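# sequence first, then the predicted structure, then my questions.
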Amino acid sequence: GAVVSQHPSRVICKSGTSVKIECRSLDFQATTMFWYRQFPKQSLMLMATSNEGSKATYEQGVEKDKFLINHASLTLSTLTVTSAHPEDSSFYICSARDPGRAYEQYFGPGTRLTVT
Amino acid sequence: AQTVTQSQPEMSVQEAETVTLSCTYDTSESDYYLFWYKQPPSRQMILVIRQEAYKQQNATENRFSVNFQKAAKSFSLKISDSQLGDAAMYFCAYERIQGAQKLVFGQGTRLTINP
């Protein structure tokens, strides 16, 4: 089956610094990737939709200047949390859509971000 | 906007028994997809089953089946012969077909399997 990886799986950073999370589709080309945020014991909240070669579409209430998304290739999307604050600590999950398998998203294993 | 509601925060079932998880949704669309995802303690999201709204027949995947009631906007998941490995958070999700295709998740139901 289709595989999506995320790196790093865990990251700790100091308040005020930036951190980058990578999402890769390993065995297919993903024209569309999605970034989610999940707080403890809560559901997934879509942050943005990333299309290769174009600007990401952010959901209402998500600060695009704080959460920078780049989808530079068909297999890689990155999420950069800029000027991180403790309230940005969360579990971030990406997913990718395989055009060859209509209407199915494949999820990465997630990245736990802790801002101290 | 579409919404998905899971009214059971927690459910438990005896091993080998059957359990049904509830999900309702709200949409004005006629064509859409519905999904059940499983999130075990590893936090990896796993697709359990998918239903196309234009199909009347309920989807089935081995021990997992759905009861799709389009008019009632209800989409429940039945797990038969529950196994210890079924313990997880289960999320119901909706995706429209036309326009912006993105998943809308319910709040989740935590399923515990009692040995």
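Arrived safely, thanks for sending. Residues are numbered from 1 along each chain as shown, chains lettered A, B, ... in the order given.
# beta partners for A:I21?
On the basis of DSSP bridges, A:I21 is bridged to A:L79.
# packing partners of the helix or strand where A:R24 lies?
Secondary structure assignment for A:R24, by DSSP states H and E: strand A:19-25. With contacts defined as 3 or more C-beta pairs under 8 Å, 6 or more residues apart in numbering or on different chains; DSSP states H and E, the packing partners of strand A:19-25 are strand A:4-7, strand A:10-13, strand A:32-38, strand A:76-81, strand A:90-97, strand A:111-115. For glycine as for every other residue, the C-beta is placed from the backbone atoms N, C-alpha and C.
# tabulate the ones you listed in TSV, adding columns for mean pLDDT, distance to B:L84 and mean neighbour count.
What follows is the helices and strands packed on strand A:19-25, written out as TSV (pLDDT from 0 to 100; distance: least, C-beta to C-beta, whole Å; neighbours: other C-beta atoms under 10 Å in any protein chain shown):
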stretch	mean pLDDT	distance to B:L84	mean neighbour count
strand A:4-7	96	27	18
strand A:10-13	97	27	14
strand A:32-38	95	24	24
strand A:76-81	96	35	21
strand A:90-97	96	24	24
strand A:111-115	97	25	18
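# make CSV from those and add distance to B:P9 to it.
Compiled in CSV, the helices and strands packed on strand A:19-25 are given as follows (distance: least, C-beta to C-beta, whole Å):
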stretch, distance to B:P9
strand A:4-7, 27
strand A:10-13, 27
strand A:32-38, 16
strand A:76-81, 29
strand A:90-97, 19
strand A:111-115, 23
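# buried stuff in the strand holding A:R24?
A:19, A:21-25 (16 or more other C-beta atoms under 10 Å in any protein chain shown).
# ok, those residues vs chain B, which is closest?
Distance ranking of these against chain B, using C-beta to the nearest C-beta, places A:C23 first at 13.1 Å.
# check contacts around B:L21.
By C-beta atoms under 8 Å, 6 or more residues apart in numbering or on different chains, B:L21 lies in contact with B:6, B:8, B:11, B:36, B:76-79, B:90, B:92, B:109, B:111.
# quick check, nearest of those residues to A:R97?
Within the set of these, B:W36 lies nearest A:R97; the separation is 18.2 Å, counting by C-beta to C-beta.
# shouldn't the closest one be in contact with B:V48?
Yes. Using C-beta atoms under 8 Å, B:W36 is in contact with B:V48, at 4.3 Å.
# mind picking the lowest-pLDDT entry from the buried residues of strand A:19-25?
Taking pLDDT as the measure, those have their low point at A:S25 (93).
# bridged to the closest residue to it other than its chain neighbours, which residues?
Leaving aside its chain neighbours, A:S25 sits nearest to A:A96 (4.5 Å; criterion: C-beta to C-beta, 6 or more residues apart in numbering or on different chains). Beta-bridge pairing of A:A96 under DSSP bridges involves A:M33, A:Y106.
# chain A versus the residue positioned nearest the centre of chain B, what's the distance?
In chain B, the centroid-proximal residue (C-alpha atoms, centre = their mean) is B:W36; its distance is 3.2 Å. B:W36 sits 13 Å away from chain A, going by C-beta to the nearest C-beta, to the nearest Å.
# and if you look at B:S30?
16 Å.
# show me which residues of chain A sit near chain B.
For chain A, the residues in contact with chain B (C-beta under 8 Å from any C-beta of the partner chain) are A:32, A:34, A:38, A:42-46, A:49, A:57, A:91, A:93, A:95, A:97, A:103-105, A:107, A:109-110.
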